[in-house]
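[1] Fold the following, please.
(2 chains)
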Protein chains: 2
Amino acid sequence: MQQLNVELGDRSYPIYIGSDLLSQSGLLARHISGKQVCVVTDDTVAPLYLDALCQALQGYQVLQVVLPTGEAFKTWSTLQQVFDALLAARHDRKTTLIALGGGVIGDMTGFAAACYQRGVDFIQMPTTLLSQVDSSVGGKTGINHPAGKNMLGAFYQPKAVLIDTDSLKTLPAREVSAGLAEIIKYGLIRDVAFLAWLEDNISGLRALDPSLVTEAIARSCQIKAEVVAADEREGGVRAILNLGHTFGHAIEAHQGYGQWLHGEAVGAGMVMALDMSCREGWISRADVDRATALIAAAGLPVSPPGNMQANDFMDLMAVDKKVLDGQLRLVLLKALGQAVVSAEFDSASLQATLAADQS
Amino acid sequence: MQQLNVELGDRSYPIYIGSDLLSQSGLLARHISGKQVCVVTDDTVAPLYLDALCQALQGYQVLQVVLPTGEAFKTWSTLQQVFDALLAARHDRKTTLIALGGGVIGDMTGFAAACYQRGVDFIQMPTTLLSQVDSSVGGKTGINHPAGKNMLGAFYQPKAVLIDTDSLKTLPAREVSAGLAEIIKYGLIRDVAFLAWLEDNISGLRALDPSLVTEAIARSCQIKAEVVAADEREGGVRAILNLGHTFGHAIEAHQGYGQWLHGEAVGAGMVMALDMSCREGWISRADVDRATALIAAAGLPVSPPGNMQANDFMDLMAVDKKVLDGQLRLVLLKALGQAVVSAEFDSASLQATLAADQS
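    Below is the predicted model:
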């Protein structure tokens, strides 16, 4: 088992990465302060791992909440099911919520924990590669609004993140690729050596070679932990973690949440951000091609859906959370491994990127 | 104009108390960092003060959201109206929400600010006596759930609290009394000299004598600011601010939110807490009678509604946020001016108090 830490003063917490963490009751107990536990999961993950986790929670008063699967249910009305269950079972302020599932479950459970009785403890147990390397770390929680993704939420840190790599064994290949999108992102924004390592090992990663996957998760979490520690509430540098996400969120919203996986939309969105960075003269076309090849090798789309026009992107990106004083800001690359958040780009570059991708 | 400060490190903020603050654009501008402002108010307060405030906000992009009045609308679906309006007007992370109204508007607007894009700035402009001395200070925000009051929310501090005492001129007498309940509470829990001052001045306060009211508000806010600074997230001492509230919340929930004003329920609830403190042998019956007389003189009920039985209280109090590990904790008085939060009371005392009040 590997352990990393997210350093946030009195909100610091550990990330554990390893095999068979789900059943380690001692590790769980270290991060549960009361007698009540509420496991929140979805109807895809529940049949696979819920029993094993509840076995490890013997001795606690355990409440199980099984939500419908998917981004389409990342809404307030789904969240109500968690609140209703907690109140019916009379869970108090010392309860601990455990998010057992992918990013949707983690984001919703974290937001439920942030709101329930004005804040209770929670633990992240991400079961998808994407949530293991991204959404489970850093305290971003929330739900979608019809007008935009993650528009409602809180910065609320978990007490611990337990990443059981065994849970990847049941993950569909399409979701493995989606997770690889975020892993590639860390290389692109911050670590060109990691990018090279990913190019060397992309087939082994898609085949879920245990030691390669553990290494990729640990390296990704380390980068994310460093960035979050520097800027918890995204006042500045943290926004670089959104490389490809402004385009990606527009794709997700346009197609209807859940049609494109988040990682797939980010894959195509990163190619758009790379293309724009090249049009701005910051990176070479060879850099774009190199990164695009890696994204494609990960099994991800490298262009947006054919039914999206430039104005669809412009409309949907106008409500992005990075818009300030009416000005769109994008994460772009000054070089491979070096991202910036900038509103100072030529709007012609943006239009050219959007037009180019209508293929 | 008086100024106090709530000392919470990088979340510290000022409380301004005085006449005609609503129109002081310079004071407002000091606490607004972007170009967008969203004023949230209700259909009772809007016709009285919304125009004046918007006059003072010339130069900003101002969005107005007018919600239906009352505790019955302190729900997620009402809050949705705020989010829908913010998103339709494309307010970004630098927007500032202004809560113009009583406690319900303040709690909901604060929670909206806590959740919108994971947190934006907000300013409290409380227009009722109750919200001026209580809910606008300290960062408790939230909404009700059918199973309990304020069950969903956040600790989220405003950037400033502007208390315009002129707004009390339009306040119904019943709501003045409700505000006095919380003011009396501060004397009971922490300041017996203030309690004596209130006994001397209760008629002048009910008549809204400007200098007496300003003094009572400032003294109340000072006590609240001290308690909140010592314990922002209610891990301990802050709970004493809930004297009478566990009983009071049960009354409100049983009667249907909005039937009894919050301050009225707290008035009756404080008498119940005093009665229990006496049965525990901590304060004398003369103390109870003295405090009850002041609560009555403020125009408040001193016993719960006739249609509530002991088991109604027990059922409703079981979901109180102060319940921990299944154990009810109550705020009781060791002496006048000295409150404690305790689970160590004789359950016979509680039963006797509940039985005694079925009059």
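
[2] what's near enough to touch A:Glu232?
    By C-beta atoms under 8 Å, 6 or more residues apart in numbering or on different chains, the contact set of A:Glu232 is A:8, A:11, A:138-139, A:155, A:157, A:238. Every C-beta, even on glycine, is put in place using the N, C-alpha and C of the backbone.

[3] so which pair among those is furthest apart in space?
    Greatest spacing in these, by C-beta to C-beta: A:Arg11 and A:Arg238 (14.8 Å).

[4] More neighbours: the two, which one.
    Ranked by neighbour count (other C-beta atoms under 10 Å in any protein chain shown), A:Arg11 and A:Arg238 place A:Arg238 first, with 19 against 14.

[5] What about chain B: which of the contacts of A:Glu232 touch it?
    A:Phe155 (C-beta under 8 Å from any C-beta of the partner chain).

[6] And the strands in the stretch 251-359 of chain A?
    Assigned by DSSP state E, counting those that start in this stretch, the strands in the stretch 251-359 of chain A fall at A:330-335, A:338-342.

[7] what's the closest of those to chain B?
    Chain B sits nearest to strand A:338-342 of all those, at 12.9 Å, using C-beta to the nearest C-beta.

[8] could you dump that closest one to CSV, C-alpha only?
    Listed next in CSV are the C-alpha coordinates belonging to strand A:338-342 (Å, rounded to 0.1, in the frame of the first residue of the first chain):
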residue,chain,number,x,y,z
GLN,A,338,3.5,23.7,-18.6
ALA,A,339,-0.1,24.9,-18.4
VAL,A,340,-1.4,28.4,-17.9
VAL,A,341,-4.9,29.8,-17.3
SER,A,342,-5.4,32.7,-19.7
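
[9] Next, the angle strand A:330-335 makes with it.
    140 degrees (axes from the mean of the first three to the mean of the last three C-alpha atoms, to 10 degrees).

[10] Which elements pack onto strand A:338-342?
    Judged by 3 or more C-beta pairs under 8 Å, 6 or more residues apart in numbering or on different chains; DSSP states H and E, the packing partners of strand A:338-342 are helix A:173-190, strand A:330-335.

[11] For B:Pro304, which of the ones you listed is the nearest?
    With C-beta to C-beta as the measure, helix A:173-190 is the member of the helices and strands packed on strand A:338-342 nearest B:Pro304 (55.7 Å).

[12] show me the contacts for the nearest residue to A:Arg285 once chain neighbours are set aside.
    Setting aside the residues directly before and after it, A:Arg285 is nearest to A:Cys278 in space (C-beta to C-beta, 6 or more residues apart in numbering or on different chains), at 5.7 Å. Neighbouring residues of A:Cys278 by C-beta under 8 Å, 6+ apart: A:284-285, A:287-288.

[13] I'd like to know which of those residues is nearest to chain B.
    Nearest to chain B among the contacts of A:Cys278, with distances taken as C-beta to the nearest C-beta, is A:Val288, at 29.8 Å.

[14] Run a quick neighbour tally on the closest one.
    The tally of other residues near A:Val288 (other C-beta under 10 Å) stands at 20.

[15] So for it, what's the pLDDT?
    Predicted confidence (pLDDT) for A:Val288: 98.

[16] Same check on A:Glu71?
    Note for A:Glu71: predicted pLDDT of 85.

[17] That one reaches A:Asn144, doesn't it?
    Yes: between A:Glu71 and A:Asn144 there is a contact under C-beta atoms under 8 Å: 7.3 Å.

[18] neighbour-wise, which of these two wins?
    Taking A:Glu71 and A:Asn144 together and counting by other C-beta under 10 Å, A:Asn144 has the greater number of neighbours (24 against 20).

[19] From A:Leu79, how far off is the more buried one?
    According to C-beta to C-beta, to the nearest Å, A:Asn144 and A:Leu79 sit 11 Å apart.

[20] quick one: which of the contacts of A:Glu232 has the most company?
    Within these, most neighbours by other C-beta under 10 Å means A:Gln157, with 25 neighbours.

[21] would it count as being in a helix?
    No: assignment of A:Gln157 by DSSP: H, G, I helix; E, B strand; the rest coil gives coil, placing it outside any helix.

[22] Quick check on it: phi, psi?
    A:Gln157 has phi and psi values of phi -90, psi 140 when expressed as degrees, to the nearest 10.

[23] Then A:Asp121?
    Per degrees, to the nearest 10, the backbone of A:Asp121 is at phi -70, psi 150.

[24] That one - how many residues pack around it?
    A:Asp121: 19 neighbours (other C-beta under 10 Å).

[25] where does it land on pLDDT?
    Per-residue pLDDT puts A:Asp121 at 98.

[26] From B:Val271, how far out is the residue sitting nearest the centre point of chain A?
    Nearest to the geometric centre of chain A sits A:Ser135, at 3.1 Å (C-alpha atoms, centre = their mean). Note on A:Ser135: its distance to B:Val271, by C-beta to C-beta, is 50 Å.

[27] cool, A:Lys322 as well?
    A:Lys322 is 53 Å from B:Val271, by C-beta to C-beta.

[28] Comparing these two, which residue is more hemmed in?
    Higher neighbour count among A:Lys322 and B:Val271: B:Val271, with 24 against 20, using other C-beta under 10 Å.

[29] excluding its backbone neighbours, what's nearest that one?
    In space, and not counting its chain neighbours, B:Val271 is closest to B:Val302: 4.7 Å by C-beta to C-beta, 6+ apart.
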